[in-house]
Each structure stands twice: as C-alpha cells, then as structure tokens.
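Colleague: predicted model, plus sequence, below.
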Amino acid sequence: MDFSKFSDDNFDVKEWVNAAFRAQRDSPGNKDAHAATLVMKLQLFIQEVNNSLEEISQQALTNLPRVIRETEAVRQEATFLKEQMMMVKEDIRKVEENTAHSMKVLVELDAIKSRIQSMSVALHEADNWTKLSADVEEVFQSQDVHAISSQLVKMQKSLKMLSDTADYEDRCAHLEGLKNRLEAVVSPQLVAAFNSHNLESAQMYVRIFSDIERLPNLQSYYFKCHKATLLQSWQDIVNIDPNQSLQDTLPKLYDQLLSTWQSEVQWCNQVFSAPVNVTATLVIQVLYSLEPSIPYCIQATLEDTPSQLSTLISLRQITMRFAKSIEASLDKTTGTYNADVLTQLVRTIHSPYLPYLLQYSTLQEQHLMDQLRTVHLETEQQEVIDCVRLMGQSVSKLYSIANLAVEQCMAFTSGCGVCGLQRALTAYFTVYTSEFTRVLQALRVKCNIDEVKATSGEIKEDWTLFQHALRILQTCGDLLLHQRDFQDQLCVAVLEHTEAMQDASKQEKSSPLQHYNYLSVENQTEYDILMGTVTGLREGLVEDLLSDVTEAVQKLNEHAHKFAFDIVFCQLQQQLANVHSMEIWGSDAAGGEVLPSFSLSPMEYITKIGQYLMTLPQQLEPFTTQDNPALEAALHAGKLPFQDKNETHEVDHVADYWLGSIARGTMLTYLEAILKIPKMTDYGRKQLAADIDYVCNVLDALGVPANKDLKSVAALLQASLTELEDVSKDCPAKIVNIITAMRKV
C-alpha cells in the first residue's frame, strides 16, 4: 500500500480510503474483509512508526550532552578570537600614530626622486637632440633612406620629451623641415613604386612614413598617381567622340572606376591598414576633379532634351548601378572600414543629382503637365459626340501617365520624393478635373441647357443628348474606379520603397551604399512629414494619399449628374415657364356656362409633360440593366437635384431614383409657376385643378408620390366657397393665403 500521501499537507482521509477501496475492483463483494485487512495494515504501520520515533528520541537524548559541550567550546574560541582582533586593531593604531610623519617624508622623497629622474631623462634627450641635430646633415648626405628615417624617428622621440622647453616650436619647425627634405628625396622612388605597383617598395615607404608620422602625405602621393591616370581616361572618353551622349560616356567612366576599385582594394590591402578607406578616398577625389564635371555634363544634356525627368532617371539609374557594384565588391572585401568615408563616397557619387532631387516635385509636375497636353477632351468644332468620346478615352491615358509618374518617383528618388509626388499628382489631377469641368460647362452652353425659354411646342423626343450625358457619367464612374485602384497601388508602392529606407536607418551596421537618404540630410522637415505619412499608412491612420484628388473627382461626378439631369429637366422647365401667364386662368367658360369639373380635360401643356414623364423610364432602363461597373460606380457616388432625403439610390432601382428626382423637380417647378398666377376665375381654377389632378395621376402610375403642397393647391382650387374654410385647415397657411388671393376670396 501507498502510505506516502500521509505526509502531504493537503491530505484528505476520505479520498485516501476511497482510493484504497477502488483498488479492489476484482472482488467487490468482500468489502468487509478488505476493510479489516486495511485496518490491520494501518495498525501495523502505526506501530512501526511509534518504534521508529522511540528509537530516534533515544538517540537524541544520548547525543545531547556532547552537543552542549561542543557548543560551549565554540563560544569560548569565538571570545578569544574577538580579544585577539581588538589587540591587533590597537597595534595598528599605534603604528599609524608613530609612523605617520615618516610615511609623509617617504612620499615626498619619492616625488623628488621621480622629478629628478624626469629631469635626467629630459637632459639626456636634450643632449641626444643636440647630437642628433649635429649628425643629421651627415646622414642626409649618405642618401640612405632607412638611416635618415631612423635619425628622424629618434629626433621625434627626443622632441616629445622637450615639449615644455622654450624653443619647442622652433625645434618642431626644424624637424618638419627635415621630414620635408626626406619626402623630397624619396618622392621620385615613391611615385615610381605606386605607378608600377611595386609591393615591396610601397610597403617599405609606408613603414617609413608611418614612423615619421607622415602617412597622410604618402597617401596623397598615391592619390595623385592614380588620379592623374583616371582623369586622363575620362578626357579620352569624352574627346573620342564629341557627339556621343552622357548616357554613353558615363557608363564607361563608372566601368573604369569600378575596375580601379576592385584592383586597388586588393593591392592596398597588402600596403595600407585601411584599404577600403584609401580606395574610397581615391574615387571621391577623382569624381570631384573630373573635367568636364558630371554636374556640368548633366546640365548640358538637359538643355538639349525635351524630357528632363526621363533623362535624369536614366542617368541616375546608371549611377545607382555603379553604387550597387561598389557595394557588391565591398561585401567581398575583408577588413574594417570607416563608415564616414563610405558615407562621403555615397554623397559624392550622388551629389550631381542632389539639386534635381530636391526640386523633384517641380520636375515631376512639369513632366506631368507636358504629358497632360496630349490628353484631349474636346475638338476644335466642339461636337458633343466627339467630346464625349474623347472624355471616355482620356481616363486610361490619364492614369497610365499617373502610374508612370509613381514608377519615375521610385526610380529617381527611391521613395524619398513621395511628398513631392503627392504635390505633383494633386496639381496634375486638378488641372485635368478643371479642364473636364470647363468642357462640361461648354457642352451646357452649346446645348442651351441653362437658357430656359417658354415654349408651347412639342417636347423634343430626341434622347441622343441624354445618352451622351449618361456616357459622360460612365466616364466619371471610370474615373472613380481608376482613382480607387491608383490610390491602392500608390500606397503599396510607397510602403515597399520606404521600407528599405526605414530598415537602413534602424540598422547600425548597415552600409551607407544600400540606400542614399538625401532627404534626412537636406530637408529634415519634409523627411519628418514623409515618415509620418508612412507610419500613418502602416497603422491605418492614413487611407488616401490624394484625398483632394478623390474629392475633385467626386465633385466632377456630381457636375456630370447635374448635366445629365438638366438635359431632361430643361424640357419640362420650358413647358412650365409660361404657365403663370396663361390667359385661361383669368377667363370664363365659353358662353358663360359653368361646367362641372369632371367634364374638363387637362390642357395640352400638362399632357405633354405627362407623356414625357411616361417615356422617361424607357430611356433609362437600357442604361441601368446592362452590366456596366463604371456607370454603377458613378450612380452610387452621384447625387441628383430634388433628392428625397429618405430615398436611397441603389443601382437596381436607379431608374426609379432618376424618375423620382425629375418628378419632384417637375412638381416643385409647377407649384412655383402656379403660385405666380395673379388672378383666377372659377373656370380657371377648375381647369387648373384638372391639370393638377392629371399630373398627379401620371406620377401615381409611375410610382412617385405627389407633392403635398401641390395636393393642397388642388384641394383649395376644387373647394367651393363654402368648403374653402374647412379645406384650408389642413393646408399650409402660405399656400392658403396665395390661393385665396387668386380667387379673390
């Protein structure tokens, strides 16, 4: 049995007993026998525990006197040790008191000894300087470079000990003059060693110049030797064919520099302690000393090209390939290098483009405007069908140019010019939407939409112009769809190209060649704005980088909706323009007889309007039933005049939505015309009531509820003088006053 659970802190008697009985599953009927056996085992276990406790207690009692004696011995030893420590402490105090003066004297003597030794060394070095100065001319006459350098090193060492002497500056000038003489002696051999890549001689001269602390001077000789060769090579490249473009000559220069980099890094690795720094400095000096310079060549090239931005991008791509080649070569190079030197190299490589990078927004905007001139929205004759066709064709061209601008931005600025791209694209789309709006307004003028003239003739049943207007709406929907896609693509491109910039700024050991972030150095304010924009995109705080453009396209869609609406509505306005001045309202019935209301027929002007409204669904249906995502997008986003606030304009019911807006506009215009009627006879009011009743029936057939005010007018017109007061209670007071004045009640 398991008795270990008795020692647990959370021992549960019931659980242990139940567990013991669950173990006897084979013979469930012998529970009493099992319980008796379990009790006997527990009693035996208790007896065993009692025996063990008795034995342990006896041993403890036996060992207790010995433990007491050992504890007392330890206490006595601790007391003795404490007394000894007090005695030692007292002895130390006495020694300090007795020897304090002696120690002070010893310290002073030691300081005097040190000063004497320093003076002795200084006197020795002064004497040594004098001897070395006297012998240096003889050493120079021997022309032994090693002997001369050794002599100068000794003089240099002596001079360091004489820094506090009065003539220290004169001695320094004398030593520098001797070093200059040594340089003059070895310069021919030094130049020859560098030109011929004589490794042994170069290493010897590096040691000599390092010893005399003139290594920068030696590196200057190295730079002059190879710089002259590279500069002459550039002259040969430029002069071999004066008609060749910079796109042809620049790769040749970079190939020459890359070849020099690769060969010189390997050679300098055996000569200098920092070969990458030396080779990078050589390339920097060459790039700054080119004649003609790269900035001059770029400026001359841009003067002869119609597309400056495209030319700059192609040139900078050549330069960026050179920088990447340097980086690839650097990855294969062993040893350490100074990041500041590489940063200077990167700036030197890209410096010819810096002025253009900083004015990228202007360059991009100019390029976009030049391209926009190729997007035509109207012809010289301003034919409606041609304008509509050109508007539809312009959308794909417009966004093709915009997408190319995004690619140009990333290729030219590596994402640093995103803020400038935003400004350029905003200006580009603003000009386009303004021109679109102007053409739309010109079409309104050409179609005489805004000139409402009273007419009693037939309403024109030519729906061609309305079909053109719906195609313009489709173009606006195409603009909306393209704008959404373009916005998404722009956000993705910005995040992709700025990620490398952020990663490079976070990594301390990243190579400066990986990404040239000119913006953080030259325009910190715009860099902060860019980083804020990128952060907003990543965190979902910024959703639209061209919100002004999106708003302008939305307004353009609303103008197109108004244009299409007015094409239909102007016909109705013309029919209603002279309603208030019709003579019938003030005349009596023929023969003076009073005719009942049911015998009156609606007048011609209102039947024409009714027939026109009944035709409208047939004209709208073909455009709303076809699968046309662009038109659907425009209709979803657009708004019509006389819109019911409680009505939605789902595309599935767009015909009803348009019909409702036109019907409400018709009713309001009709109501305004009625309220302008100066006077009305009994016959006139009955005729007008019949006209209103007719148009309300037409609207009811079309599923459009009649205007409440128009119904009130009809009720007031139909009411007799005795009924008028009761009817007026349910009508607006303003309408009641006008109608009663007409009826001269």
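Modeller: Great, that's in hand.
Colleague: which helix or strand contains Glu291?
Modeller: Using DSSP states H and E, Glu291 maps to neither a helix nor a strand.
Colleague: same check, this time on Lys94
Modeller: Counting by DSSP H and E, Lys94 is found in helix 31-141.
Colleague: ok, now Thr301?
Modeller: Per DSSP H and E: helix 294-303 holds Thr301.
Colleague: chain center to the very next helix or strand once past that helix: distance?
Modeller: For helix 294-303, the succeeding helix or strand toward the C-terminus, using DSSP H and E, is helix 308-331. Once both centres are worked out by CA atoms, centre = their mean, to the nearest Å, helix 308-331 turns out to sit 23 Å from its chain's centre.
Colleague: give me the helices and strands touching the helix holding Lys94, please.
Modeller: helix 13-22, helix 145-161, helix 168-196 (3 or more CB pairs under 8 Å, 6 or more residues apart in numbering; DSSP states H and E). Quick note: C-beta positions are derived from backbone N, CA and C, even for glycine.
Colleague: now what about the helix holding Thr301, what contacts it?
Modeller: Residues from elsewhere that reach helix 294-303, judged by CB atoms under 8 Å, 6 or more residues apart in numbering: 245-246, 249-250, 287, 308, 311-312, 315, 351-353, 355-356.
Colleague: could you dump these to a markdown table with pLDDT?
Modeller: A markdown table is the format used below for those (pLDDT from 0 to 100):
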| residue | pLDDT |
| --- | --- |
| Ser245 | 89 |
| Leu246 | 90 |
| Thr249 | 92 |
| Leu250 | 93 |
| Leu287 | 93 |
| Gln308 | 91 |
| Thr311 | 93 |
| Leu312 | 94 |
| Leu315 | 94 |
| Ser351 | 92 |
| Pro352 | 94 |
| Tyr353 | 93 |
| Pro355 | 93 |
| Tyr356 | 94 |
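Colleague: for PyMOL, write a command that selects the buried ones of those.
Modeller: Buried residues among the contacts of helix 294-303 (16 or more other CB atoms under 10 Å), as a PyMOL selection:
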select buried, resi 246+249+250+287+308+311+312+315+352+353+356
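Colleague: Ser547: how many residues sit nearby?
Modeller: Ser547: 13 surrounding residues under other CB atoms under 10 Å.
Colleague: tell me the pLDDT at it?
Modeller: pLDDT, Ser547: 90.
Colleague: cool, and Ala719?
Modeller: If you check Ala719, the pLDDT there is 85.
Colleague: ok, Val452 next?
Modeller: In this model, Val452 is scored at 54, pLDDT.
Colleague: Gly703 - nearest residue in space that isn't next to it in sequence?
Modeller: Asp656 (6.6 Å; CB to CB, 6 or more residues apart in numbering).
Colleague: what's the local residue count around that neighbour?
Modeller: 19.
Colleague: how close does it sit to Thr669?
Modeller: 20 Å (CB to CB, to the nearest Å).
Colleague: again, but for Leu218
Modeller: Applying CB to CB to Leu218 and Thr669 gives a distance of 96 Å.
Colleague: so those two - more neighbours on which side?
Modeller: With neighbours defined as other CB under 10 Å, Leu218 and Thr669 compare such that Leu218 has more, 23 against 20.
Colleague: could you say which helix or strand holds the closest residue to the more buried one other than its chain neighbours?
Modeller: In space, and not counting its chain neighbours, Leu218 is closest to Phe209: 4.0 Å by CB to CB, 6+ apart. Using DSSP H and E, the element containing Phe209 is helix 199-211.
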